[in-house]
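> everything below, folded, please.
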Amino acid sequence: MRVGRSGTQRYQYGYDLGAAFTSDGQEGYTAWARGDLDGDARNSWFRLRGELINGSVVHAPAIEIVDQGE
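Residues are numbered from 1 along each chain as shown. Below is the predicted model of the structure:
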């Protein structure tokens, strides 16, 4: 499946499977976004973690600010 977007893209998005571990030791995922909105060569970083519980994907209650940067 290809995903596309028209217009200006201000962030780079990605995800890492197995990049987060839950309290019970199960693997999870981390989805992230980074971008340099003001052109100062310093990225803002945001992430959302999640895991698989009883066959359902469960996301963290909030997006984390890793480095607001801007």
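> ok, the helix or strand of the chain with the lowest mean pLDDT: who's next to it in the sheet?
Least confident helix or strand of the chain, by mean pLDDT, DSSP states H and E, is strand 12-21 with a mean of 77. According to DSSP bridges, strand 12-21 forms sheet pairs with strand 27-35 (antiparallel).
> same for the following helix or strand past the partner strand, what does it pack against?
Note on strand 27-35: by DSSP states H and E, the next helix or strand toward the C-terminus is strand 44-53. Counting by 3 or more C-beta pairs under 8 Å, 6 or more residues apart in numbering; DSSP states H and E, the packing neighbours recorded for strand 44-53 are strand 12-21, strand 27-35, strand 56-59, strand 64-67. C-beta coordinates here come from the backbone N, C-alpha and C atoms, glycine included.
> related to what we said a few turns ago, how far does the least confident helix or strand of the chain sit from its chain's centre?
Put simply, strand 12-21 sits 6 Å off its chain's centre (C-alpha atoms, centre = their mean, to the nearest Å).
> what about the chain, any weak spots by pLDDT?
Scanning the chain with the threshold set as pLDDT under 70 gives 1-5, 19-26, 69-70.
> please report the distance of the residue nearest the centre of it from residue 39.
Closest to where the C-alpha atoms of the chain average out (C-alpha atoms, centre = their mean) is residue 32, at 2.0 Å. In this structure, residue 32 lies at 21 Å from residue 39, with C-beta to C-beta, to the nearest Å as the measure.
> circling back: using CSV, write out the CA atom coordinates for the least confident helix or strand of the chain.
Extracted C-alpha coordinates of strand 12-21, given in CSV (Å, rounded to 0.1, in the frame of the first residue of the first chain):
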residue,chain,number,x,y,z
GLN,A,12,9.2,13.5,8.9
TYR,A,13,7.2,10.6,10.3
GLY,A,14,8.2,7.1,11.1
TYR,A,15,7.7,4.2,13.4
ASP,A,16,9.9,1.6,15.1
LEU,A,17,8.5,-1.8,16.0
GLY,A,18,10.0,-3.4,19.1
ALA,A,19,11.4,0.0,20.1
ALA,A,20,9.3,0.2,23.3
PHE,A,21,8.9,-2.3,26.0
